[in-house]
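Student: Take a look and give me a structure for this.
(chains A, B, C and D)
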Protein chains: 2
Amino acid sequence: MSLRHALLGLLSYRPASGYDLLKAFETSLANVWPATQSQVYGELGRLTDAGLLEVSAEGPRGRKEYTITGTGRGELHTWLVSAEPTRVTRSDMLLRVFFLDRMTAEEGRAYLARQRDFAAARAEHLRALEASIEWDDSPLSTQGRIALEYGLRLSTVQTDWADWALEQLATGGAGDQPR
Amino acid sequence: MSLRHALLGLLSYRPASGYDLLKAFETSLANVWPATQSQVYGELGRLTDAGLLEVSAEGPRGRKEYTITGTGRGELHTWLVSAEPTRVTRSDMLLRVFFLDRMTAEEGRAYLARQRDFAAARAEHLRALEASIEWDDSPLSTQGRIALEYGLRLSTVQTDWADWALEQLATGGAGDQPR
DNA sequence: CAATGACGTTCCACAAGTGACATGTCAACC
DNA sequence: GGTTGACATGTCACTTGTGGAACGTCATTG
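Tutor: Numbers count the residues shown, from 1 in each chain, chains lettered A, B, ... in the order given. This is a model prediction of the structure:
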């Protein structure tokens, strides 16, 4: 349950409304931890009930401004320093690779080529994002850049790996298995 | 919903019981698409109701052997060739990076070092797995190796990236922000 | 023969995420 | 003065995944 920590993290910089937070999720956090309206508003309510947040102001249009409490900061810090080993990530992309021989050789090649193209497109997207941001040497900039670099490197691995896999299929002699 | 396709994929090779399938999930598929008992048995029931599988035999101890139907093979094939762009994967590891300045500089360094070590350990685990398998040139071997190579390359990227990030923190002058 | 362990299934409560819908306010502009 | 669009929240139904409990069978072995 990291949505709650994403919210606590954002609110540790400054108080904000659900709407403000939602925008943060759509922009900066979109590539790391996407979240929907229903999730954000619901979690804000639960966090408030649990005493990790409090409603510090009410504005026009029913706007509620949430502020992180001391307990909330404690919880955030605990989560930050507790580095559990990253859980196994499900990958339907790799699952299909596992069943590559259930497609024809041609379909298999097309599949891998498509994955390579997706990864390349993602890299492109991240580079565009990188160019569109005015980086400075604030902590947020440093951290954003580090996260973005991860995405870039990941995309590179995916394209390289897909190319390598295509070679394997060619030389490894995987044939046309009938389904 | 790829669990159902994982099951269809496994059953496309040979009929099997829920118990057999569960073992497949614990061993070969564990690193790609982990699944629990309740998920597997539940999904088998739904797949049978939907006509994608049928109970082809009943054995001792209430054992039911499931066989994939023509419809099931069709569904599997459709899924295999439909390569949707991979969804955004949530990463609590990167989420913490985003909030790196909410820790002390020392805690931040420790966090990244820990991530590097986790990735290295994972690589170690995968290399051990690689060594423990008798590879041949069957399709399953080729495909397993391709999937494993992905994991290996991913781990490498993670360790390299973590080291790079540590350098960034050192030279970028990220300081001790109070929380 | 009794204990053990592998085999095998089913059910339940809960947490987390998705997507759509419903509702309403306020500011700006034509 | 009416429309539009940003602001703003809340709720519901559904799917997926987690974890554990409960129940029973069969073969082996001490």
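Student: Look up how far A:Arg145 lies from the residue positioned nearest the centre of chain A.
Tutor: Nearest to the geometric centre of chain A sits A:Val32, at 2.1 Å (C-alpha atoms, centre = their mean). Applying C-beta to C-beta, to the nearest Å, the value for A:Val32 to A:Arg145 is 13 Å. For every residue, glycine as well, the C-beta is placed using N, CA and C.
Student: how about the longest helix belonging to chain A against chain B, any contact?
Tutor: In chain A, with assignment by DSSP state H, the single longest helix is helix A:139-172. Yes - using C-beta under 8 Å from any C-beta of the partner chain, helix A:139-172 comes into contact with chain B via A:139-140, A:142-147, A:149-150, A:153-154, A:156-157, A:160-161, A:164-165, A:168-169, A:172.
Student: out of the residues you listed, which are buried?
Tutor: A:139, A:142-147, A:149-150, A:153-154, A:157, A:161, A:165, A:168-169, A:172 (16 or more other C-beta atoms under 10 Å in any protein chain shown).
Student: and DNA strand D, which of the residues you listed reach it?
Tutor: When C-beta under 7 Å from any atom of the strand is taken as the criterion, no member of those contacts DNA strand D.
Student: can you give me the strands for chain A?
Tutor: Remark: strands assigned in chain A by DSSP state E are A:53-58, A:64-68.
Student: Minimum distance to DNA strand C: which of the ones you listed has it?
Tutor: strand A:53-58 (10.7 Å; C-beta to the nearest atom of the strand).
Student: The closest one and DNA strand D, any residue contact?
Tutor: No - figure legend: strand A:53-58 not in contact with DNA strand D (C-beta under 7 Å from any atom of the strand); closest approach 8.5 Å.
Student: Could you figure out how far that strand is turned away from strand A:64-68?
Tutor: Here strand A:53-58 runs at an angle of 140 degrees relative to strand A:64-68 (axes from the mean of the first three to the mean of the last three C-alpha atoms, to 10 degrees).
Student: Could you list the buried residues of stretch A:116-135?
Tutor: A:116, A:118-119, A:122-123, A:126, A:129.
Student: Residues touching it, excluding its own?
Tutor: Contacts with stretch A:116-135, where a contact means C-beta atoms under 8 Å, 6 or more residues apart in numbering or on different chains, come from A:31, A:141, A:144-145, A:148, A:151-152, A:155-156, A:158-159, A:162-163, A:166, B:83, B:85-86.
Student: Just the buried ones from the residues you listed, in PyMOL syntax?
Tutor: Under the burial definition 16+ other C-beta under 10 Å, those of the contacts of stretch A:116-135 that qualify are selected in PyMOL by:
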select buried, (chain A and resi 31+144+145+148+151+152+155+158+159+162+166) or (chain B and resi 83)
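Student: Kindly report the residues of chain A close to DNA strand D.
Tutor: Going by C-beta under 7 Å from any atom of the strand, the residues of chain A near DNA strand D are A:17-20, A:22, A:37-38, A:41-42, A:44-45, A:59-64, A:90.
Student: Having no further points to raise, I will conclude here.
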